[in-house]
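Chemist: Build me a model:
(2 chains)
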Amino acid sequence: MIGNMKTTIVLAAALVLHVCVFVAQANAADSLQAREEQAIKAAVARVAPSVVRIETVGGLERIGQLMVGAAPTTGLVVSGDGYIISSAFNFVQKPDSILVTLDGGSRRPAKLVATDHSRMLVLLKVDTDASLSVPEVVPEKEMRVGGWALAVGRTFESSQANVSVGIVSALSRIWGKAIQTDAKISPNNYGGPLVDISGRVLGVLVPMSPQGGAELAGVEWYDSGIGFAVPLESVMRSLPAMQQGRDLRAGLLGITMQGADVYGTDAVIAAARASGPAYKMGFRAGDKIIEAGGKPITRQSELKHQLGPRYANEKIRIVALRGDQRLDREVELVDKIEPYEAPFLGILPLRGESLEKSPPVVRYVYPESPAAAVDLKPGDEIRSLDGAAVDKLDTIVEKMQSLEPGQKVRLEVRRGSETLLVEPTLGRLPEALPGVLPPAHGPVEAPPEGERPQTGVVTVKIPEFENECLAYVPDNYNPRLAYGVVVWLHAPGGFKQEELIERWKPLCDENDLILVAPKSGDRARWQPTEARFVRRVLDDILKNYHVDASRVVVHGHEGGGAMAYVVGFTNRDVVRAVAAVDAPLPRVAQLPETDPVERLAFYTTLATKIDATPAIEAGIKRLREMKFPVSAHDVGDQPRYLTTEELQQLVRWFDSLDRI
Amino acid sequence: MTRLIWTFCLALVTVVTARDFAVAQSFAQVIADNQPKMVKIHGAGGVRGLEAYQSGFLISDQGHVLTVWSYVLDTDYVTVTLDDGRKFEGKLAGADPRLELAVLKIDATDLPSFDVAASVPAEAGSRVLAFSNLFGVAAGDEPASVQHGIVAVKTRLDARRGAFETPYHGPVYVLDAMTNNPGAAGGALLNQHGELLAMLGKELRSAHNNIWLNYAIPVDEMRDSVTRILAGNFRPGEDKPPAKPDEAIDLAELGLVLVPDVLERTPPYVDRVRAGSAAEIAGIKPDDLLVFVGESLVQSCKSLREELARLERDAGLKIVLMRGQELIEVEIPGAKGGEPQTP
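Modeler: Numbering: from 1, shown residues only, chains lettered A, B, ... in the order given. Predicted coordinates:
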């Protein structure tokens, strides 16, 4: 009986076991969902020992609207002896001390060893006796779009990882630097790993923006389904350098490309900076790049893809065509190029239809300028520069884009029947406002027959916007002349049409200017997003009238002045000058760099007895440090708008923006 | 005896097989089975960006509805719309302000419902389905919207004190799905087998990093209150929040002088330690940086003072400090052991 019972128990146990196994198999086979859940948990458990929590002490509390530094963030162990990689975002507050909690709960102080400014990563080091768990790396060639991607952080609990599930959305994003994922990426996991379904690490999570920028760029996309991770394989490649304490920066060639459409245009060099490595290796404006890093280049975007992942001090082979000549050089990229400063010869050219297609003629010579030093005179015709023929105005403008102050040039000048050779040394753009200028053009032929665009007071309507916009085009508008454009951005409260037209009509008529006056949706203030409306209005004017691209100005008063800066900075391809009255440089504005092609000049007023004066002065200083020309005009004690004389002076400044 | 063992085995087989069927259910089946338990609630609001609706679900066949306590219910007439489009007046059966939950009663019977007595755990990585009328998309007899995701982590809403603008500081599931939207509060969070896990919370941002949170309060946390409300013997305010200690710890008393608090977030560096004080006996030295008080990270002089103000003087104090690049733990005994001394 006892024996029998034993058998029964054994049999029963076997049956239970059998059923359990059967059920487990049935579960696995029947429920893909359950298996996925198990796989997700297993993948997270595998990487978790390498995911650490980071806390900081001291530093800033908020940057703009964003609170930083208070919440724990995440890091990833990259070597057993205590190196931890994290997102630069997690240290933007510049903390005094960094504390790391390792898997298992032990806390260590950490040192910041190095920063990768190109991929927005930082390397930390903690002292450790035990070897830390280093995760397995997914080689970039094994990554597939559509594969599972789990974002792991350790921000909510120090003993537990937090997880977000998605897929790999794209590879080689942000000019070849990042993996894109639709998992939810945010400060809750920046610095943590993006892992595949087996728990191997694809990359390190960071905020990033295709437009580039600093530590905070891309944070506005948190949890949006657009997130980025820097491939861990590339991090491991730069690890030895960072372990030496070397900060890494993006590699620069020191060139500017022709045309604004990076996807649509050839990679033709518009300007090569004399201090840049491309120039030093012999590349010049006009050269067309056809190969970089062994890859054929037919569009600017392809060149950006080749340069994006490369650091300073890396070498890249560049092949370019100059006519029939083929240049094949290895260029060592640099981390920094001094801000470009536009050169100045010291002349204004005459305008007019016929002069757009023939050698430029001097309208005015700036006193004490390089041109004055070599005795150039109004009426002189410039025939060549540094040995290259100057057949039209645009040629000399483009030539000047690849030159800088301090460089000596050779000019061939035609004066009556004489030909002169002069060698001026280029100077800096003047910041003083010009005095009375001679007329910009002689008599102009009558306009061609046919349909004429609207003149006088014109209403501009952009279909998708509710904003209104007024424009004034001189009644004697003649398409044989190129007109300057002044975009007037009103102060809070808007403007009265009659007063505005009365003030600007004589100025526009005399100086070949078109006035455009958009209105903010809310009369009391401009919204930065309305810059898009202003741009559409400008595009409308550019399409319908003959506009001189070198004289498009945004002019604003108070809030409109701040808006003028925003419009100027975000429309570099069109706007050439910003004139702000009673308005500091907006603090949020990330200052753009000077550009040989997309030039910007500034005019601002200063009043002594006004709270905003230090802010305005700080703005002037920042712009000048970036090598932008800034004309500051003193309006006395109290802030106010310009008098008639001052406005005439400002308009003369507009008139001089085609200075060479 | 033998029969007993066989019976046990059979019972086991039955249980396991039933479970197996549950697992085999597809999301579609789980959703179809549970939609009839969801309700849409309309009440006060509709002005200044305050939506006049929220979500809820049935927790008894007698017409009890669990939802969040909010301004939406703060009106004379609350409409509860069932999945089949039938509309009822919802009468407030009870509410727990601490958990921000409310139970409504509608005049209907034989309704499909969730069982709040069942306890189902979930953890990071668990797949979940969230049912709610977010943004009021579902109208009339349209079923609630369903979102899928996983549990990102289980944590406490007060894991970082003062971080969230809510009276509730207990455990929550943080979700990897965009669940917490206008009108979603009061929705149900189910696991992949259709078992009730939690109730979706209101829209909240973390006060630490200002990031929107998607979270749900586990049934386990609400069960007591809900059971008492259903039984008709709930008295709000039974759990008082911990009061401030009668005798808080004070820096001067410990013998610690910190560096002047001049920055936005001045790191709590020790400037001086009074001779013979408790701090000196514990081994704290000038230039030490205090980083943890108990288990709480102190990021500034201000947060150190706040933290100390919360601690009872007799309890003693554990401090982790940083000296150079070294973390050192020191212990200061309770007030009885370290009487303040006057030099």
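Chemist: Please, where are all the helices along the chain?
Modeler: Unless you meant another one, I'm taking chain A. A:2-30, A:32-47, A:173-176, A:232-243, A:277-280, A:300-307, A:370-373, A:393-401, A:497-511, A:531-544, A:559-570, A:613-625, A:644-655 (DSSP state H).
Chemist: Oops, wrong one, chain B.
Modeler: B:2-24, B:27-34, B:219-231, B:251-254, B:278-282, B:301-309.
Chemist: Skipping adjacent residues, who's closest to A:R108 in space?
Modeler: A:V126 (3.9 Å; Cβ to Cβ, 6 or more residues apart in numbering or on different chains). Backbone N, C-alpha and C define where each C-beta goes, glycine included.
Chemist: Please name the bridge partners of the one you found.
Modeler: Judged by DSSP bridges, the bridge partners of A:V126 are A:A110.
Chemist: Please name the residues that touch it.
Modeler: Counting by Cβ atoms under 8 Å, 6 or more residues apart in numbering or on different chains, A:V126 makes contact with A:82, A:84, A:100, A:102, A:108-111.
Chemist: Among these, name the buried ones.
Modeler: Buried by 16 or more other Cβ atoms under 10 Å in any protein chain shown: A:82, A:84, A:100, A:102, A:108-110, out of these.
Chemist: So which of those residues belong to strands?
Modeler: Those of the buried ones among the contacts of A:V126 mapping onto strands are A:84, A:100, A:108-110, per DSSP state E.
Chemist: any chance of the residues you listed in CSV, plus pLDDT?
Modeler: Formatted as CSV, those follow (pLDDT from 0 to 100):
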residue, pLDDT
A:I84, 98
A:V100, 95
A:R108, 92
A:P109, 93
A:A110, 95
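Chemist: what's the nearest residue to the closest residue to chain B within the stretch 201-350 of chain A if we skip its chain neighbours?
Modeler: With Cβ to the nearest Cβ as the measure, A:Y222 is the residue of the stretch 201-350 of chain A nearest to chain B, at 6.5 Å. What sits nearest to A:Y222 in space, not counting adjacent residues and going by Cβ to Cβ, 6+ apart, is A:S186, at 3.8 Å.
Chemist: Test my guess that that neighbour contacts A:S224.
Modeler: No. The pair A:S186 / A:S224 is not scored as a contact, 9.1 Å apart, by Cβ atoms under 8 Å.
Chemist: of the two, who's got more company?
Modeler: A:S186 (22 against 12; other Cβ atoms under 10 Å in any protein chain shown).
Chemist: What does the pLDDT read for that one?
Modeler: Note for A:S186: predicted pLDDT of 94.
Chemist: Quick check: closest non-adjacent residue to A:A580.
Modeler: A:G561 (3.4 Å).
Chemist: In the chain, where is pLDDT below threshold?
Modeler: In the absence of a named chain, this looks at chain A. A:1-30, A:61-69, A:212-214, A:588-590 (pLDDT under 70).
Chemist: oops, chain B please
Modeler: B:1-25, B:48-49, B:158-165, B:207-208, B:235-248, B:335-343.
Chemist: quick one: the residue of the stretch 201-350 of chain A closest to chain B and A:V92, what's the gap?
Modeler: As for A:Y222, its distance to A:V92 is 14 Å (criterion: Cβ to Cβ, to the nearest Å).
Chemist: Relative to whichever strand in chain B runs longest, what are the paired strands and their orientations?
Modeler: The longest strand of chain B (DSSP E) is strand B:145-156. Here strand B:145-156 has these sheet partners by DSSP bridges: strand B:127-132 (antiparallel), strand B:171-175 (antiparallel).
Chemist: what's in contact with the last one?
Modeler: Yep, that's strand B:171-175 we're talking about. A:156, A:162, B:122, B:128, B:130, B:149-157, B:189, B:197-198, B:201, B:213-218, B:220-221.
Chemist: cutoff 7 Å now
Modeler: Identification of contacts with strand B:171-175 by Cβ atoms under 7 Å, 6 or more residues apart in numbering or on different chains yields A:156, A:162, B:122, B:128, B:130, B:149, B:151-157, B:189, B:197-198, B:201, B:213-218, B:221.
Chemist: picking up where we left off before, what's the most buried one of the helices of chain A?
Modeler: When those are scored by mean count of other Cβ atoms under 10 Å in any protein chain shown, the highest mean neighbour count falls to helix A:559-570 (a mean of 25).
Chemist: quick check: angle from it to helix A:613-625?
Modeler: Interaxial angle, helix A:559-570 versus helix A:613-625 (axes from the mean of the first three to the mean of the last three Cα atoms, to 10 degrees): 20 degrees.
Chemist: just checking, what packs against helix A:559-570?
Modeler: strand A:483-489, helix A:531-544, strand A:547-557, strand A:577-581 (3 or more Cβ pairs under 7 Å, 6 or more residues apart in numbering or on different chains; DSSP states H and E).
Chemist: what's near enough to touch A:A564?
Modeler: Per Cβ under 7 Å, 6+ apart, neighbours of A:A564: A:489, A:554-556, A:578-580.
Chemist: Redo those residues as CSV? Include neighbour count and distance to B:G324.
Modeler: Output for the contacts of A:A564, formatted as CSV (neighbours: other Cβ atoms under 10 Å in any protein chain shown; distance: Cβ to Cβ, whole Å):
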residue, neighbour count, distance to B:G324
A:L489, 30, 55
A:V554, 31, 54
A:H555, 24, 57
A:G556, 26, 54
A:V578, 28, 50
A:A579, 28, 55
A:A580, 27, 50
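Chemist: Looking at those, which is nearest B:R274?
Modeler: Nearest to B:R274, judged by Cβ to Cβ, of these is A:A580 at 56.4 Å.
Chemist: from what I can see that closest one touches A:H557, true?
Modeler: No. Counting by Cβ atoms under 7 Å, A:A580 stays clear of A:H557, with 8.0 Å between them.
Chemist: Close to chain A: what parts of the stretch 51-200 of chain B are there?
Modeler: Contact residues (Cβ under 7 Å from any Cβ of the partner chain) of the stretch 51-200 of chain B with chain A: B:124-127, B:150, B:152-153, B:155, B:159-160, B:174, B:176, B:192.
Chemist: Would you point out the most distant pair within those?
Modeler: The span of these, defined through Cβ to Cβ, is set by B:R160 and B:Q192 at 30.4 Å.
Chemist: Mind checking which of the two has more residues around it?
Modeler: Set side by side, B:R160 and B:Q192 show more neighbours around B:Q192, with 23 against 20, by other Cβ under 10 Å.
Chemist: and residue 183, how many neighbours?
Modeler: Just going to use chain A. For A:A183, the neighbour count with other Cβ under 10 Å is 25.
Chemist: Let me rephrase: I mean chain B.
Modeler: By the measure other Cβ under 10 Å, the count of residues near B:G183 is 25.
Chemist: ok, so what distance separates A:P210 from B:Q35?
Modeler: Separation of A:P210 from B:Q35 (Cβ to Cβ) stands at 41 Å.
Chemist: Looking at those two, which one has more neighbours?
Modeler: When neighbours are counted by other Cβ under 10 Å, A:P210 and B:Q35 differ, and B:Q35 comes out ahead with 17 against 12.
Chemist: can you pull the contacts of that one?
Modeler: Residues near B:Q35 by Cβ under 7 Å, 6+ apart: B:83, B:143-144.
Chemist: Reformat those into JSON lines and put neighbour count next to each item.
Modeler: JSON lines is the format used below for the contacts of B:Q35 (neighbours: other Cβ atoms under 10 Å in any protein chain shown):
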{"residue": "B:D83", "neighbour count": "21"}
{"residue": "B:P143", "neighbour count": "17"}
{"residue": "B:A144", "neighbour count": "25"}
